[in-house]
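Trainee: Predicted model and sequence below, questions to follow.
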Amino acid sequence: MSLTLLSLFIPTFFFVSITPGMCMTLALSLGISIGVKRSLHMMWGELIGVGLVAASAALGVAAIMLNYPEVFTILKWGGGAYLCWLGYEMFCSRGKLVITEPGEQKQEISGLQLATNGFLTAVANPKGWAFFVTLLPPFIDADLPMAPQLAILVALILLLEFICLLIYASGGKLLKHLLMERNNVRLMNRIAGSLMVLVGLWLALGK
């Protein structure tokens, strides 16, 4: 794979990843509510989903998936409804993701649940599949073996996506610290909950 192609690929996909979207908004919300370290569980689930979508797009599987919208409908509405419920619970200052006062005990959501949320958010968005179908193939050289190119491109996509997720989650954590100094726990729950509901609606209603 040529350096010229890579020099175009990296800034293109970094710009795409850093642009606010469902996964980045989810990372921001979790950064506020549970911090960067706990948000890593969501991130690895989301990265598995992104890797699956990117590889499928390059192999042509995505074109088949896009012809069966009922699959996305089930994932979109199920995943969206669950995220909306989590967001509503946070907005009302209750639930497993709620921010508590220092010293208070709470029941934490499991790492597997967080990873599942990230995975569903990544794979249940038809726009994500269509985007990779459109943008990824031009960076693949038909005269070179497919497997090595695909491995390099997917690895770079996941690295760029992970960096952007960390940026958003860190921004959420910073916002949390700023608000904690003013003891605005209820406001933080409402901000994080509203963002979570936004992701859920975005996922369920997006076309």
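Mentor: Structure received. Nothing here was measured: the structure is a model prediction, and the numbers come from that model.

Trainee: Spatially central residue for the protein, please.
Mentor: residue 23 (2.3 Å; Cα atoms, centre = their mean).

Trainee: show me the contacts for the residue nearest to residue 123 when sequence neighbours are not counted.
Mentor: Take residue 123 and drop its neighbours on the chain: the residue closest to it by Cβ to Cβ, 6 or more residues apart in numbering is residue 49, 4.3 Å away. C-betas here are computed from N, CA, C, even on glycine. By Cβ atoms under 8 Å, 6 or more residues apart in numbering, the residues touching residue 49 are 118, 119, 120, 121, 122, 123.

Trainee: mind running it again at 6 Å?
Mentor: Contact partners of residue 49, counting by Cβ atoms under 6 Å, 6 or more residues apart in numbering, are 119, 122, 123.

Trainee: buried sites along the one helix or strand it maps to?
Mentor: Per DSSP states H and E, residue 49 falls inside helix 35-59. Buried residues in helix 35-59, counting neighbours by 16 or more other Cβ atoms under 10 Å, are found at 35-36, 38-58.

Trainee: Also stretch 154-161?
Mentor: 154, 156, 157, 158, 160, 161.

Trainee: and which of the residues you listed is nearest to residue 146?
Mentor: residue 154 (11.7 Å; Cβ to Cβ).

Trainee: circling back: what's the angle between the helix or strand the residue nearest to the centre of the chain falls within and helix 35-59?
Mentor: Using DSSP H and E, residue 23 falls within helix 22-33. On the basis of axes from the mean of the first three to the mean of the last three Cα atoms, to 10 degrees, helix 22-33 is oriented at 170 degrees to helix 35-59.

Trainee: So residue 9 versus residue 125, what's the distance?
Mentor: Taking Cβ to Cβ, to the nearest Å as the criterion, residue 9 is separated from residue 125 by 22 Å.

Trainee: okay, these two: which has more neighbours?
Mentor: residue 125 (24 against 20; other Cβ atoms under 10 Å).
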